[in-house]
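> pasted the sequence and its predicted model underneath.
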Amino acid sequence: MSNPVKVNPDLQKEREKCTFNVIELTNVIDGGPQKTEERKKREEMVFKEGIHIDEVPSDYLSHKEKYELAIKKACLLFKMMRRLQEEENAGMENYMALLGGTLGSAILGDGSPLTLHYVMFIPTLMGQGTVEQQAYWIGRAFNLNIIGTYAQTELGHGTFIRGLETTATYDASTKEFVLHSPTLTAYKWWPGGLAHTANYCVVMAQLYTQGKCHGIHPFIVQLRDEETHMPLPGIKVGEIGAKLGMNGTNNGFLGFDHVRIPREHMLMKNSKVLEDGTYVNVTSSKLTYGTMMFVRVMLVHDVCNYMAKAVTIATRYSAVRRQSQLRPDEPEPQILDYVTQQHKLLIGTASVHAFRLCAGWLWDMYNNVTAELESGDLERLPELHALSCCLKAIATSDAAACVERCRLACGGHGYMLASNLPLMYGLVTAACTYEGENTVMLLQTARYLVKAWHQSGAALPPTVAYLARARDTRLTHSQPWRNELDAIVDGFQRIAAGKIALCVAQIEKRQKSGMPYEDAWNMTSVQLTSASEAHCRAFILSSFQKETEKLVKTVSAPLRIVLLQLVELYAVYWALQCVGDLLRFSSISERDIEGLQNWYEDLLFKLRPNAVGLVDAFDIRDEILRSALGAYDGRAYERLMEEAMKSPLNAEPVNQSFQKYLKPFMQGKL
């Protein structure tokens, strides 16, 4: 707007209450003032291009039109980003911002058809291609001479990778692999960009050579002609249809009818097939799954962005919205004054900080372990795999719950697409399934935990070291409970250790009764997922506490107080959520629980004046929030009406259906 608009007075008063410097916290979140400046500059350059502006909101477009608009925007966006890279020689931060839940979602709100090209196709080439293969393919991919995707999941198999049915059979006489989909369930299903966007694809298939199956391996397959974009012979490709969210992603299906590719198109960094068909296993087969582990690590970081957006929208709206009466004969209060509303929202703010710090810790570990793998050291790979699995599961499920809680906190207006909360929920809840369905992820972690329990006499990796301590002090109820942060973290480690111990005992008991191990595992699987979740909660609490205590040494006193309050709020919230487990595995008493409840309510009271300041510190531009309810100026009602008037149904006072159907129906003539 050309005329400056005043900020809603209630929102302005909230900002005046804030006890800390909002810009200081923004700098902490970004990683320093320079990072904040770089981010703001990047955002300014992107929005100056105007790619985010829609003549008609995409909500009113057809499915086909949404895809066509997404392709147009994605091409313009990455063309601009490539120009910026050349001008500034910037790092990968630009690409990460455009592929995640911040800058990219401002332009491609319902998903980008180019995301998998950058997030999975290129990383797979880098991680699993030989030096020669990288030299040939990566330049073409980075310059967008080709557009790729990554096809693993099939119609009949997802997380169970070993069950994939697509075959790649080596023909030594022609030095080619023959890719084939033997059944309907072998069709690849879900890859983003696969339907109409990509012309190349990394395909995960069962490798057969010299009459023997060697398991899943990656192959580069051309899908479409580089000039005409027509599907090549034997390639059956299309779109899977409309979904709850991510309808701009162009998810597709892919089938093969004896499609031949050159031998060199198998990615051979980790394993190779020689010209005569001899199979050579270079390194551990576990390295084949490196791309998925990378994406899981990135997912934990990305869901923080969605939680931050959701809690920003709901908190600002709660400062503007006035409803009901706390006391008779007094004006309607801001709904943010209701403790139930604070209970819904402040845990979301705390969760963003908790997962952001855990994501940073996990990213550092991923990079360290990846470097160790290059030198043949696989020692820490199982720990990283277990941690990335459970963190992916808990982060995505918590984020989905957070977005839905924020939507409900906005009442009926949160149900409007103009709030951006329904669309955000569609994007976040999808992450509970892709890159490993969450229950399966928790069971993967459980396998690691059971092994760790059996070897807890030996030196254990840091994230499971508490298991050894738990075995040394089996009398978990002997130590008196204290309503302190350290005791809550210790309590969650006791819960995790106790649940793992019970699972191990239950499996052994069932085996002794004659049950095969696999059946005993399956019968115990509900408890095993619960143990994995407890392990993950213990890790998040411990990391949040340790990383924040390191962080607050470098910040001002007012900000230090608030950041430590957020850690306490997060810990006490989850202690109250898991009070049954604490009663079972620690010496907590009913009086202690009452003390926890009082502590929690006191923290809500202390954090209430900073509720808006805390979400302002996320520094999310209105163009990125895309919400009528959560804009910085607080003009929620005006913006809702402005958005309503964009509906094509409001373009004319009488819709043609009145003359066609409604009037004849009312007159009994239909």
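Okay, I see it.

> neighbouring contacts of stretch 442-461?
380, 382-383, 385-387, 389-390, 393, 436, 464, 467-468, 470-471, 496, 500-501, 503-504, 507, 525, 528-529, 531-533, 535-536 (CB atoms under 8 Å, 6 or more residues apart in numbering). For glycine as for every other residue, the C-beta is placed from the backbone atoms N, C-alpha and C.

> in the stretch 301-450 of the chain, which spans are strands?
Shown for the stretch 301-450 of the chain, no strands are assigned by DSSP state E, counting those that start in this stretch.

> what ranges do the helices span in it?
339-374, 381-409, 421-430, 438-454 (DSSP state H, counting those that start in this stretch).

> for residue 479, which of these is the nearest?
helix 438-454 (20.7 Å; CB to CB).

> buried subset of the contacts of stretch 442-461 as a ChimeraX selection?
In ChimeraX, this line selects whichever of the contacts of stretch 442-461 come out buried by 16 or more other CB atoms under 10 Å:
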select :380,382,383,385,386,387,389,390,393,436,464,467,468,470,496,500,501,503,504,507,528,529,531,532,533,535,536
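
> domain parsing of the protein, as residue ranges.
11-30+287-632, 146-282, 635-670 (automatic domain parsing).

> redo the helices of the stretch 301-450 of the chain as CSV? Include mean pLDDT.
Formatted as CSV, the helices of the stretch 301-450 of the chain follow (pLDDT from 0 to 100):
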stretch, mean pLDDT
helix 339-374, 92
helix 381-409, 96
helix 421-430, 94
helix 438-454, 95
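
> quick one: closest of those helices to residue 30.
helix 339-374 (10.6 Å).

> got the angle for the closest one vs helix 381-409?
Counting by axes from the mean of the first three to the mean of the last three CA atoms, to 10 degrees, helix 339-374 lies at 160 degrees to helix 381-409.

> quick revisit: can I get the helices of the stretch 301-450 of the chain in JSON lines with distance to residue 627?
Shown next, in JSON lines, are the helices of the stretch 301-450 of the chain (distance: least, CB to CB, whole Å):
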{"stretch": "helix 339-374", "distance to residue 627": "15"}
{"stretch": "helix 381-409", "distance to residue 627": "10"}
{"stretch": "helix 421-430", "distance to residue 627": "7"}
{"stretch": "helix 438-454", "distance to residue 627": "27"}
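
> and those: which comes nearest residue 97?
When the helices of the stretch 301-450 of the chain are compared (using CB to CB), the closest one is helix 339-374, at 15.1 Å.

> now the domains of the chain as TSV including distance to residue 66?
Output for the domains of the chain, formatted as TSV (distance: least, CB to CB, whole Å):
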stretch	distance to residue 66
domain 11-30+287-632	12
domain 146-282	5
domain 635-670	15
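
> by contact count, what packs against the lowest-mean-pLDDT helix or strand in the chain?
Taking mean pLDDT, DSSP states H and E as the measure, the helix or strand of the chain with the lowest value is helix 93-99, at a mean of 72. Where contact means 3 or more CB pairs under 8 Å, 6 or more residues apart in numbering; DSSP states H and E, helix 93-99 is packed against helix 33-48, helix 63-88, helix 103-107.

> including mean pLDDT, distance to residue 243 and mean neighbour count, could the ones you listed go into JSON lines?
As requested, the helices and strands packed on helix 93-99 are arranged in JSON lines below (pLDDT from 0 to 100; distance: least, CB to CB, whole Å; neighbours: other CB atoms under 10 Å):
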{"stretch": "helix 33-48", "mean pLDDT": "91", "distance to residue 243": "27", "mean neighbour count": "16"}
{"stretch": "helix 63-88", "mean pLDDT": "85", "distance to residue 243": "10", "mean neighbour count": "16"}
{"stretch": "helix 103-107", "mean pLDDT": "85", "distance to residue 243": "16", "mean neighbour count": "24"}
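
> so which of those helices gets nearest residue 572?
helix 33-48 (30.6 Å).

> what angle separates the closest one from helix 63-88?
Computed by the same axes, to 10 degrees, the angle between helix 33-48 and helix 63-88 is 130 degrees.

> mind giving me the packing neighbours of helix 33-48?
helix 22-30, helix 63-88, helix 93-99, helix 103-107, helix 622-625.

> make JSON lines out of the ones you listed and add distance to residue 440.
Shown next, in JSON lines, are the helices and strands packed on helix 33-48 (distance: least, CB to CB, whole Å):
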{"stretch": "helix 22-30", "distance to residue 440": "32"}
{"stretch": "helix 63-88", "distance to residue 440": "30"}
{"stretch": "helix 93-99", "distance to residue 440": "25"}
{"stretch": "helix 103-107", "distance to residue 440": "27"}
{"stretch": "helix 622-625", "distance to residue 440": "32"}
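
> just tell me which of the helices of the stretch 301-450 of the chain ends up closest to residue 60.
Nearest to residue 60, of all the helices of the stretch 301-450 of the chain, is helix 421-430, at 13.4 Å by CB to CB.

> which strands or helices does that closest one pack on?
helix 290-320, helix 381-409.

> if we go to 10 Å?
helix 103-107, helix 290-320, helix 381-409 (3 or more CB pairs under 10 Å, 6 or more residues apart in numbering; DSSP states H and E).

> run the chain-centre distance for that helix.
11 Å (CA atoms, centre = their mean, to the nearest Å).

> do the same with stretch 636-649
On CA atoms, centre = their mean, the centre of stretch 636-649 falls 30 Å from the chain's centre.

> can you point out the buried residues in it?
Counting neighbours by 16+ other CB under 10 Å, stretch 636-649 gives 636, 639, 640, 643 as buried.

> hmm, residue 313 and the second one touching each other?
So that's residue 639. No - using CB atoms under 10 Å, residue 639 is not in contact with residue 313, being 11.5 Å away.

> list the residues that contact both of these two?
Counting by CB atoms under 10 Å, 6 or more residues apart in numbering, the contacts common to residue 639 and residue 313 are 419, 627, 628, 629, 630, 631.
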